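**Q** fold the following and give me the result.
(one chain, ligands or ions: 1)
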Amino acid sequence: MLEIKHLTYQVSDDAGAELGILNDVSLTIGENKLVVITGPNGGGKTTLAKAIMGLIRPNGGEILWNGVDITSMSITERARLGISYGFQQPPRFKGLRVRDLLCLAAGRDDLSTEDACQYLTKVGLCAHDYIDREVDTSLSGGEVKRIEIATILARKSGLMIFDEPEAGIDLWSFAKLTETFQAIHARREATLIIISHQERIINLADEIIMIEDGQVAQHGPKEEIFPLILAKTSAGCTYLSEEANKA
Ligand SMILES: Nc1ncnc2c1ncn2[C@@H]1O[C@H](COP(=O)(O)OP(=O)(O)OP(=O)(O)O)[C@@H](O)[C@H]1O
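**A** Alright, predicted model coming up:
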């Protein structure tokens, strides 16, 4: 279970004034739930994910994973506790091959080619073409994104956070990725937090959290929150209004 209590994160602007990015965020995510975080651009979704992973230090509040206070822990300590985060824009690793990254993620030098390839297939990559490629600028944005997601799958974490996994990914790979999320969830293997604006991903959720202006604007079961989001975003669009009425 992930518990976030009164989390705040502030930065100073150029004039030295405090700017609140996360403002008293509290929420609880149950074990093995699939939760989608959505909301307007700049609302604070990535900042919240980075705070959970330890990539930024909050100014106040607490984060507990399975009852353990991780607020002051390093990224490495959180990773050891089984927390993973896939960046919105993943980094590249010149000199490392896809195979090396998967071995590192799985924590095994002896990861078989077959096992490594299975993770790539789950994100819609033809394993044979990619397993020995270097993770450098020769790979497209969508390819790097899928390779990073494959490394998260290889890590077998208890809490997997994906930041806009759909970004830059073609329709075919996106369909494969959606199936993969669904399969992990069906096997109740991990708690999944997916930051997304994509209706097909939102549809996979047990719960939706809407973050707006650094606060939790809505949090509840998909059946309750999705119609509210559709109604809010459909003003002036007849098609979306009809979908909202159907939902
Ligand atoms: N270090 C920082 N300094 C100044 N502003 C910041 C900093 N980090 C985040 N912000 C601002 O905080 C707000 C929230 O950013 P964040 O990336 O969390 O939004 P988001 O909800 O993930 O947006 P998107 O949907 O566009 O990815 C944005 O306005 C961003 O510009």
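**Q** what number of residues lie near the nearest residue to Asp213 once chain neighbours are set aside?
**A** Leaving out its chain neighbours, the residue that sits closest to Asp213 by C-beta to C-beta, 6 or more residues apart in numbering is Gly43, at 6.4 Å. Any C-beta I mention is one placed from the backbone N, CA and C, and that applies to glycine too. Gly43 has 20 neighbouring residues, counting by other C-beta atoms under 10 Å.
**Q** same check, this time on Gly42
**A** Gly42: 12 surrounding residues under other C-beta under 10 Å.
**Q** let the chain start at 8 from now.
**A** Will do, 8 is the new start, and the previous item becomes Gly49.
**Q** Provide the secondary structure category for it.
**A** coil (DSSP: H, G, I helix; E, B strand; the rest coil).
**Q** distance of it relative to the ligand?
**A** Look at Gly49 and the ligand: by C-beta to the nearest ligand atom, to the nearest Å, they are 4 Å apart.
**Q** next: Lys57.
**A** Lys57 is 8 Å from the ligand, by C-beta to the nearest ligand atom.
**Q** wait, that residue touches Phe94, no?
**A** No. Taking contacts as C-beta atoms under 8 Å, Lys57 lies outside contact range of Phe94: 9.1 Å.
**Q** quick one: the strands in this protein?
**A** Along the chain, counting by DSSP state E, strands occupy 9-19, 25-36, 41-45, 67-72, 75-76, 90-93, 100-104, 141-142, 166-170, 198-202, 214-219, 222-228.
**Q** lowest mean pLDDT across the ones you listed, which one is that?
**A** Note on the strands of the chain: strand 100-104 shows the lowest mean pLDDT, a mean of 85.
**Q** where are the low-confidence patches of this structure?
**A** Within the chain, the stretches with pLDDT under 70 are 241-254.
**Q** near the ligand, which residues of it?
**A** Residues of the chain lying close to the ligand (C-beta under 6 Å from any ligand atom) are 18, 28, 48-54.
**Q** for those residues, which two are the farthest from each other?
**A** Val18 and Asn48 (17.3 Å; C-beta to C-beta).
**Q** for the nearest residue to Asp31 once chain neighbours are set aside, grab the count of nearby residues.
**A** Spatially, and ignoring its direct neighbours in sequence, Asp31 is nearest to His13 (5.3 Å; C-beta to C-beta, 6+ apart). Under the neighbour criterion other C-beta under 10 Å, His13 is assigned a count of 13.
**Q** before we move on, what about Leu199?
**A** With other C-beta under 10 Å as criterion, Leu199 counts 23.
**Q** for the most centrally placed residue in the chain, what are its contacts?
**A** Taking C-alpha atoms, centre = their mean as the criterion, Phe169 is the residue nearest the geometric centre of the chain, at 1.7 Å. By C-beta atoms under 8 Å, 6 or more residues apart in numbering, Phe169 lies in contact with 93, 156, 159, 199-203.
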